[in-house]
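Enquirer: Sequence first, predicted model second:
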2 protein chains.
Amino acid sequence: MPRWEEGSADRLTRAALELFEERGFESTSVVEIADRARVTTRTFFRYFSDKAEVLFAESERIRAALVQEVLDAPDVSQPLRAVTAVLAGFDWGAPGTEVLRRRQAVIAANPGLLERDLVKQHAIATGFVDALQRRGVEEGEARLAARVGTQVFSVAYARWVEGDGEADLAELVAAAMAVLGALVPPGRAGSVASPTRTGGSS
Amino acid sequence: MPRWEEGSADRLTRAALELFEERGFESTSVVEIADRARVTTRTFFRYFSDKAEVLFAESERIRAALVQEVLDAPDVSQPLRAVTAVLAGFDWGAPGTEVLRRRQAVIAANPGLLERDLVKQHAIATGFVDALQRRGVEEGEARLAARVGTQVFSVAYARWVEGDGEADLAELVAAAMAVLGALVPPGRAGSVASPTRTGGSS
């Protein structure tokens, strides 16, 4: 891309967030976003297929990277822990946590965006189910680890962005997992013998 | 409604399912659904706002009923168990498990329907978070119990409809919960002291 266009995607993202906050998602047009970012609409469409994609442009790359990390994880004998470790270790903070917090608030305020966010989260969970099974995890365990793990992470992530990223995401995930550990019916843990889980006394 | 219209909603639901299966959701029109059910399109729109709503017509009633059951539950001191108990005890089988299985297959095959399904599931989880908090459950626990509980149920429900409802749903939910118990990192359960959970040694 030409040198003067460097940073256009960033500028477009910031402009879109501002406008969504000021006028709401529905009332903001692509033309307005491009104007505010001082680029042409043609440049806009070089980066994003529609105005919602400004908020989700990285989703597919993130999903693929996360799934690959599960495939490459050194140990998936504790699949729930493997899933949350991959999610907690991912570099979510790249766009800056202030941008992430504002993005999250805009999504929460708009049913259409919330819907798209749920679909993206579901795609990550589905990718994890597949990846865990390819790593030899039994289907029922894979489904539960993937789906519960993404929910545990999502609760911790929401707290992280609400706090402007000042807390440590991995610690918030560990705290959420500890709360879950206390919520799962006592006496059941370990009652289902599984040959894939051995020596997990830590 | 006139006597001859009794059963129209059922006939429309069955006609819609057949057509979605035969031609796909996108290629089926409201006119075709009404024709197959031998009613007018006007009758169709008396029951459903669009063709997707044929599959989700009961969602809001179900959501409200489930949330009310959490509000009325005798004991929410084990909130995750309270959530799964409410979901497992609900009368999902009313339309017949064969209809539920076909409905689930049509939803899984169509991204737009899957999206709507995710939104409805999310609304149930959000309703549970609110209901649990109103019952005095701490916010972090309420979020985890509601979101993890709906996922555990969802995994069990999928297995239930795949098996045409021959297995017992409550048993499948208990089995999924037992698997989760074995997945949650050992040694953590109970490590977060909580005054709301006492005597849970069963």
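Expert: Perfect, thanks for sending it.
Enquirer: For the rest of this, base every contact and every neighbour count on C-alpha atoms.
Expert: Fine.
Enquirer: Could you find the closest non-adjacent residue to the spatially most central residue of chain A?
Expert: Centre of chain A computed as the mean C-alpha position; nearest residue by Cα atoms, centre = their mean is residue A:121, 6.5 Å away. Distance criterion Cα to Cα, 6 or more residues apart in numbering or on different chains; nearest residue to residue A:121, sequence neighbours excluded, is residue A:150 at 7.7 Å.
Enquirer: How much space separates that neighbour from residue A:94?
Expert: 20 Å (Cα to Cα, to the nearest Å).
Enquirer: can you check residue A:66 too?
Expert: Remark: distance between residue A:66 and residue A:94 (Cα to Cα) = 15 Å.
Enquirer: what do you get for residue A:143?
Expert: Residue A:143 is 29 Å from residue A:94, by Cα to Cα.
Enquirer: Also residue A:63?
Expert: According to Cα to Cα, residue A:63 stands 15 Å off from residue A:94.
Enquirer: Between these two, point out the one with more neighbours.
Expert: Higher neighbour count among residue A:63 and residue A:94: residue A:63, with 19 against 9, using other Cα atoms under 10 Å in any protein chain shown.
Enquirer: how long is stretch A:25-35 from one end to the other?
Expert: End-to-end distance for stretch A:25-35: 16 Å, by Cα to Cα.
Enquirer: swap that for stretch A:163-174, please
Expert: Terminal residues of stretch A:163-174 are spaced 16 Å apart (Cα to Cα).
Enquirer: Give me the contact list for it.
Expert: The contact list for stretch A:163-174, computed with Cα atoms under 8 Å, 6 or more residues apart in numbering or on different chains, reads A:84-85, A:88-89, A:93, A:97-98, A:101, A:152-153, A:156-157, A:159-160.
Enquirer: Buried residues of the helix or strand bottoming out on mean pLDDT in chain A, list them for me.
Expert: Lowest by mean pLDDT, DSSP states H and E among the helices and strands of chain A is helix A:97-109, with a mean of 89. Neighbour-count burial for helix A:97-109, counted by 16 or more other Cα atoms under 10 Å in any protein chain shown, picks out A:97, A:99-107.
Enquirer: Quick check: which of those residues are also close to chain B?
Expert: Filtering the buried residues of helix A:97-109 for proximity to chain B by Cα under 8 Å from any Cα of the partner chain leaves nothing.
Enquirer: ok, which pair from the residues you listed is furthest apart?
Expert: Within those, two members stand farthest from each other by Cα to Cα: A:97 and A:107, at 15.0 Å.
Enquirer: still on that earlier bit, going through the contacts of stretch A:163-174, which ones are buried?
Expert: With neighbours counted by 16+ other Cα under 10 Å, these contain buried members at A:84-85, A:88, A:97, A:101, A:152-153, A:156-157, A:159-160.
Enquirer: Would you convert those into a markdown table that also reports distance to residue A:54?
Expert: Output for the buried ones among the contacts of stretch A:163-174, formatted as a markdown table (distance: Cα to Cα, whole Å):
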| residue | distance to residue A:54 |
| --- | --- |
| A:84 | 26 |
| A:85 | 27 |
| A:88 | 24 |
| A:97 | 16 |
| A:101 | 15 |
| A:152 | 26 |
| A:153 | 23 |
| A:156 | 24 |
| A:157 | 20 |
| A:159 | 23 |
| A:160 | 22 |
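Enquirer: Next step: the residues you listed restricted to helices.
Expert: Among the buried ones among the contacts of stretch A:163-174, the members found in helices (DSSP state H) are A:84-85, A:88, A:97, A:101, A:152-153, A:156-157, A:159-160.
Enquirer: domains of chain A?
Expert: A:8-54, A:58-182 (automatic domain parsing).
Enquirer: Can you say which of those domains is packed in most?
Expert: Each of the domains of chain A was assessed for mean neighbour count using mean count of other Cα atoms under 10 Å in any protein chain shown. The highest is domain A:58-182, with a mean of 19.
Enquirer: in chain A, which spans are helices?
Expert: Under the criterion DSSP H, helices of chain A are mapped to A:8-23, A:30-36, A:41-47, A:53-56, A:59-72, A:79-89, A:97-109, A:111-134, A:139-162, A:169-183.
Enquirer: export those helices to JSON lines and tack on distance to residue B:10?
Expert: Below are those laid out as JSON lines (distance: least, Cα to Cα, whole Å):
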{"stretch": "helix A:8-23", "distance to residue B:10": "42"}
{"stretch": "helix A:30-36", "distance to residue B:10": "44"}
{"stretch": "helix A:41-47", "distance to residue B:10": "46"}
{"stretch": "helix A:53-56", "distance to residue B:10": "39"}
{"stretch": "helix A:59-72", "distance to residue B:10": "40"}
{"stretch": "helix A:79-89", "distance to residue B:10": "41"}
{"stretch": "helix A:97-109", "distance to residue B:10": "35"}
{"stretch": "helix A:111-134", "distance to residue B:10": "29"}
{"stretch": "helix A:139-162", "distance to residue B:10": "33"}
{"stretch": "helix A:169-183", "distance to residue B:10": "40"}
